[in-house]
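Attaching a predicted model along with its sequence, questions to come.
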Amino acid sequence: MDSRRLTVSACSAVAAAVVAFVALLPLSPSYRATAEVILVPNPAAAAQQTTSGTLLDPQRGVMVAAAVFGEPQWLAPATAAASIPSGTLTVTATVVQTTPMIQLSVITETGAHAAEVALATLVSDATPLVEKLSGPYSVVVVARPDGTGTATGLDPSTIRMVAAAAVLVAVLGATWGVLSRRDRRGDRDGQLPDSSAASTRP
């Protein structure tokens, strides 16, 4: 009987865990697009100076460039160009250590192509200001976002499969519990004395 109780408890715990996992999953997948840019020297550009009067070196220039690419001001035109609902686009700009390269990525729930269009628009719109503020450097796109859009979350079919598994585990646990209770009732009924037989005894 104890083993049955443990089995029922285990089934219930598994079902609860799976249901909680499903509840935490995104209802729709997210889509990510990536690009990579590099800062190259531009002799024709005016050198930018810091507040202390020193010129920006390449590494400091790339940090400034990454900060500009990550500014939220580029999100509105990017979402408009890609027909993405406002407020559903995020951008990340990461400097590759000890290099003048920047890895860019955007995430949206609209679609892979929309993510690619949004990132291409963002790079195009931000480049003039990046080149103005990062020093005597030009922005060169070494990896365009075209074709990089990929799904980063679970698709709806996978979520449905997980939910179905959770329901199945819950049903099995409940069925086992019902059968266990019936067995216990049967055991108790079999242990009760036969009242009719007892009444016929002298």
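Sure thing, it's come through. This structure is a prediction, so every number in the text was calculated from the model and none was measured. Numbering: from 1, shown residues only.

Find the helix or strand that S86 is a member of.
According to DSSP states H and E, S86 maps onto no helix or strand at all.

how many other residues sit next to it?
Around S86 there are 9 other residues, counting by other Cβ atoms under 10 Å. For glycine as for every other residue, the C-beta is placed from the backbone atoms N, C-alpha and C.

Hmm, it is touching T79, no?
Yes - using Cβ atoms under 8 Å, S86 is in contact with T79, at 5.7 Å.

Tell me where this protein has helices.
2-24, 58-69, 75-81, 112-133, 156-191, 195-200 (DSSP state H).

Low-confidence regions, the protein specifically.
Counting by pLDDT under 70, the ranges of the chain that qualify are 1-28, 43, 45-58, 153-202.

okay, now the domains of this protein?
When the chain is parsed with automatic domain parsing, its domains come out as 2-25+155-183, 31-151.

Which neighbouring elements make contact with the strand of greatest length in the chain?
Using DSSP state E, we find that the single longest strand of the chain is strand 31-41. Counting contacts by 3 or more Cβ pairs under 8 Å, 6 or more residues apart in numbering; DSSP states H and E, strand 31-41 is packed against helix 58-69, strand 101-108, helix 112-133, strand 137-143, strand 150-151.

now these as JSON lines including mean neighbour count and distance to R32?
Converted to JSON lines, the helices and strands packed on strand 31-41 look like this (neighbours: other Cβ atoms under 10 Å; distance: least, Cβ to Cβ, whole Å):
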{"stretch": "helix 58-69", "mean neighbour count": "19", "distance to R32": "16"}
{"stretch": "strand 101-108", "mean neighbour count": "22", "distance to R32": "5"}
{"stretch": "helix 112-133", "mean neighbour count": "21", "distance to R32": "6"}
{"stretch": "strand 137-143", "mean neighbour count": "16", "distance to R32": "14"}
{"stretch": "strand 150-151", "mean neighbour count": "14", "distance to R32": "6"}
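
Among these, which comes closest to T92?
strand 101-108 (4.9 Å; Cβ to Cβ).

CA atoms only for the closest one - export them in PDB, please.
Provided in PDB are the C-alpha atoms of strand 101-108 (Å, rounded to 0.1, in the frame of the first residue of the first chain):
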ATOM      1  CA  MET A 101      34.400  44.200 -34.300                       C
ATOM      2  CA  ILE A 102      30.800  44.400 -32.900                       C
ATOM      3  CA  GLN A 103      28.300  41.600 -33.000                       C
ATOM      4  CA  LEU A 104      24.700  42.800 -33.300                       C
ATOM      5  CA  SER A 105      21.500  40.900 -32.700                       C
ATOM      6  CA  VAL A 106      17.800  41.600 -32.500                       C
ATOM      7  CA  ILE A 107      14.900  39.500 -31.200                       C
ATOM      8  CA  THR A 108      11.300  39.700 -32.100                       C
END
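
how big is the angle separating that strand from helix 112-133?
140 degrees (axes from the mean of the first three to the mean of the last three Cα atoms, to 10 degrees).
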